[in-house]
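Engineer: sequence and predicted structure below; questions after.
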Amino acid sequence: MVFKSTLLRGCVLLVFLAMFFVTTISAQEHTHEDGHTHNGVEEHNHDHGHDHDHGVSAGGSNVTAGNQESATALGEHDHEHDHGHEHAHAHGISCDMEAETAYNTPMRIGSIFIILVTSAVGIFAPIVLFRIRKPSENGIRNWILTAGKFFGTGVIISTAFIHMLPEALERFDSECIGEGWHSYHGFGGLFCMLAAFFLQLVELAALTNLDKMAAKREMEAPIEKGSVETHDEMGHVHSAGFLEHEQSMRNIGTFILELGIVMHSIIIGITLGTISEGSFQTLLIALVFHQFFEGIALGTRVNELNCKTWFKPIVMGLLFVCMTPIGVAIGIGIRSSINPPAAILAQAILDSLSAGILLYNAFVSLMSAEINQNTSFRRAPLGRKVYCFTFMYLGAALMSVLGTWA
């Protein structure tokens, strides 16, 4: 359908706009570096003056008790001054570019391929398992895919609540960004809410367009056949139209879901490319599992597109697979010229928007449509329901545990 391709192109465009927005975090780099250099010159002159004073005191042969007390007081003053200077520097280190002496570039480049392989296994495993042969209703592959589907639902919900929204709120509270962002403490929730409202309007417009197209086809069908249809034929047409409408709704939800996951993948990739060496290995291990679980979540939803060919599932899979490595590459490239305050603000906004996208999709398209409003699920045996909920809660629990490190 024309609208589906338009929506897909719009999602891809938003992804590249997000990438462009994040890469602008190196703005005002020269101003920041000049100010840092000027402060370094002043500190050097100040320390030189103190060294000269101490040298004169040491050079005196006779020191009275009063002079000793004065020297002691002066030394305590210098110690307090140095301590205060170090404390201020430590407090502001998150707002300044870290002087990392041991940045392991080969390991960062290697992480690109590690995450690339992990993401590919996560998303393409359920796609291949589904498409090699349509699984039977009670076959083992159907149970495996069902487990992956509900496990992915839990992963998506936990990703929004544990990984995205708290990080966005924390960054909006950072002392590094401008004071104007501290005048209102709800910016994280505001951007999240705006993203959800925007998606609701997009979905409404899409469904309205589908209704118009379905009505147009129903009006043209009798004319094309050139005869009056019986009640059975009319019922078949309406039933087919309803199923097609429901499938289109699922397709739209899948496209929106991928948009939110892809935006988040870019952010965590940039974080991995710019993080300090001491935290790099821990974050890499966490992101390997993170991307694998998200790949399973997205792959099981791509299966529901019911594509006749492999083209669309492969394209959507590759889009997910490549985004985090691209983010890592961007992080490596901009690390030497990054402007931390702008980076913190950009990540806060994008995390908030991504959280809104995933939360809307999780509650509307996944939990409500797939569980509460799904007649086949409500009529399923109790054992199958327990099986589905168990894997959904397991996915949420594992992603929540990963929130300790990533």
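Structural biologist: Good, I have the coordinates.

Engineer: any low-confidence regions in the stretch 101-250 of the chain?
Structural biologist: Applying pLDDT under 70 to the stretch 101-250 of the chain flags residues 101-102, 221-246.

Engineer: try it again with 90
Structural biologist: Counting by pLDDT under 90, the low-confidence segments of the stretch 101-250 of the chain come to 101-105, 129-142, 145, 149, 163-164, 167, 175-180, 185, 199-200, 202-250.

Engineer: ok, and the closest non-adjacent residue to residue 331?
Structural biologist: Setting aside the residues directly before and after it, residue 331 is nearest to residue 273 in space (CB to CB, 6 or more residues apart in numbering), at 2.0 Å. C-beta: built from backbone N, CA, C; applies to glycine.

Engineer: could you check how far that neighbour is from residue 350?
Structural biologist: 15 Å (CB to CB, to the nearest Å).

Engineer: before we move on, what about residue 177?
Structural biologist: For residue 177, the distance to residue 350 - CB to CB - is 14 Å.

Engineer: other SSEs contacting the helix or strand residue 400 falls within?
Structural biologist: Here residue 400, judged by DSSP states H and E, is contained in helix 382-402. The criterion is 3 or more CB pairs under 8 Å, 6 or more residues apart in numbering; DSSP states H and E, and the helices and strands that helix 382-402 contacts are helix 140-158, helix 277-302.

Engineer: can you give me phi and psi for the closest residue to residue 285 other than its chain neighbours?
Structural biologist: Closest residue to residue 285 apart from its sequence neighbours, by CB to CB, 6+ apart: residue 405 at 7.4 Å. Here is the backbone geometry of residue 405 (degrees, to the nearest 10): phi -120, psi -20.

Engineer: from residue 374, how far off is residue 405?
Structural biologist: Taken as CB to CB, the span from residue 405 to residue 374 is 35 Å.

Engineer: what of residue 285?
Structural biologist: Distance from residue 285 to residue 374, by CB to CB: 36 Å.

Engineer: cool, and residue 180?
Structural biologist: From residue 180 to residue 374 the distance is 46 Å (CB to CB).

Engineer: so the residue nearest to residue 285 touches residue 286, yeah?
Structural biologist: Yes. Counting by CB atoms under 8 Å, residue 286 is a contact partner of residue 405 at 3.9 Å.

Engineer: neighbour count: these two, which is higher?
Structural biologist: residue 286 (18 against 14; other CB atoms under 10 Å).

Engineer: now do the same contact list for the nearest residue to residue 292 once chain neighbours are set aside.
Structural biologist: Nearest residue to residue 292, sequence neighbours excluded (CB to CB, 6+ apart): residue 122, at 4.0 Å. Each residue near residue 122 by CB atoms under 8 Å, 6 or more residues apart in numbering is listed here: 291, 292, 293, 294, 295, 296, 299.

Engineer: what do you get for residue 151?
Structural biologist: 293, 296, 297, 391, 392, 394, 395.

Engineer: so how do I select the buried members of these in ChimeraX?
Structural biologist: Entered in ChimeraX, the line below selects the buried ones among the contacts of residue 151, by 16 or more other CB atoms under 10 Å:
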select :293,296,297,391,392,395
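
Engineer: between the contacts of residue 151, which is closest to residue 249?
Structural biologist: residue 297 (18.7 Å; CB to CB).

Engineer: was I right about that closest one contacting residue 147?
Structural biologist: No. Counting by CB under 8 Å, residue 297 does not reach residue 147; the two are 11.9 Å apart.

Engineer: who's in contact with residue 124?
Structural biologist: Residue 124 sits in contact with 295, 299, 317, where contact means CB under 8 Å, 6+ apart.

Engineer: now residue 172
Structural biologist: Counting by CB under 8 Å, 6+ apart, residue 172 has contacts 181, 185, 187, 188, 348, 352.

Engineer: count of neighbours near residue 127?
Structural biologist: 21.

Engineer: what of the one 3 residues further on?
Structural biologist: If you count neighbours by other CB under 10 Å, residue 130 ends up with 21.

Engineer: repeat for residue 165
Structural biologist: 21.

Engineer: which helix or strand contains the closest residue to it other than its chain neighbours?
Structural biologist: Among residues not flanking residue 165 along the chain, residue 355 sits closest, at 4.3 Å (CB to CB, 6+ apart). Per DSSP H and E: residue 355 is located in helix 340-360.

Engineer: which is the next helix or strand following that helix?
Structural biologist: Using DSSP H and E, the helix or strand that follows helix 340-360 in sequence is helix 375-378.
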